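In: No sequence on hand, only this structure:
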């Protein structure tokens with residue numbers, strides 16, 4: 001299997017959201033250096049998650065998600081977002097008072113147990129939303 005660090009996911013998400021981009025455009029979108037983007041892309045290309053089109057200037061070549069990269073992003077959206085939504089709903093469930101009071105209470109709640117701790121491995125079947 002492939003092992004990606006968390007630093008690879010913003011790059012995959014940018015390509016998913018924005019479509020094909022050059023190394024410079026990815027660097028600008030992520031707020032990281034071009035050499036940093038190049039290092040991330042080497043790993044993603046070797047894992048078959050991104051591909052590039054040939055261009056005379058290597059720095060301007062468009063980079064896009066491969067089919068495997070598109071499938072990975074889709075799986076991530078389907079599994080991770082359901083867990084994150086459930087964790088946020090659970091953390092916000094009992095918030096009351098003014099907005100600033102709610103922000104303070106939410107900070108206390110997340111300090112006690114982060115979203116990572118709150119997010120179940122598999123999303124629950126019952127949907128609960130804050131304020132519902």
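Out: Perfect, thanks for sending it. What you see is a predicted model; the values in this text were computed from it and never measured.
In: can you tell me which helix in the chain is longest?
Out: Longest helix in the chain by number of residues (criterion: DSSP state H): helix 67-92.
In: List the buried residues of that helix.
Out: 69, 72, 73, 82, 83, 86, 87, 88, 89, 90, 91, 92 (16 or more other CB atoms under 10 Å). From N, CA and C alone the C-beta is placed, and that goes for glycine too.
In: which among those residues gets closest to residue 107?
Out: residue 91 (10.3 Å; CB to CB).
In: What separation is there between the closest one and residue 104?
Out: In this structure, residue 91 and residue 104 are 13 Å apart, going by CB to CB, to the nearest Å.
In: and the worst-scoring helix or strand of the chain on mean pLDDT, how far out from the chain's middle?
Out: Every helix and strand of the chain was ranked by mean pLDDT, DSSP states H and E. The lowest is helix 115-118, at a mean of 76. How far helix 115-118 lies from its chain's middle: 16 Å, per CA atoms, centre = their mean, to the nearest Å.
In: Run through who's touching it.
Out: 84, 86, 87, 88, 90, 91 (CB atoms under 8 Å, 6 or more residues apart in numbering).
In: can you do 7 Å?
Out: 84, 87, 88, 90, 91 (CB atoms under 7 Å, 6 or more residues apart in numbering).
In: Let's have those residues in TSV, adding pLDDT.
Out: Shown next, in TSV, are the contacts of helix 115-118 (pLDDT from 0 to 100):
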residue	pLDDT
84	78
87	83
88	82
90	84
91	82
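In: Show me which of those residues is closest to residue 47.
Out: The nearest one, if we look at those relative to residue 47 and count by CB to CB, is residue 84, at 23.9 Å.
In: The closest one and residue 119 touch, don't they?
Out: Yes - judged on CB atoms under 7 Å, residue 84 makes contact with residue 119 at a distance of 6.1 Å.
In: From residue 117, how far off is residue 18?
Out: In terms of CB to CB, residue 18 sits 32 Å off from residue 117.
In: circling back to that earlier point, show me which positions of the least confident helix or strand of the chain end up buried.
Out: residue 118.
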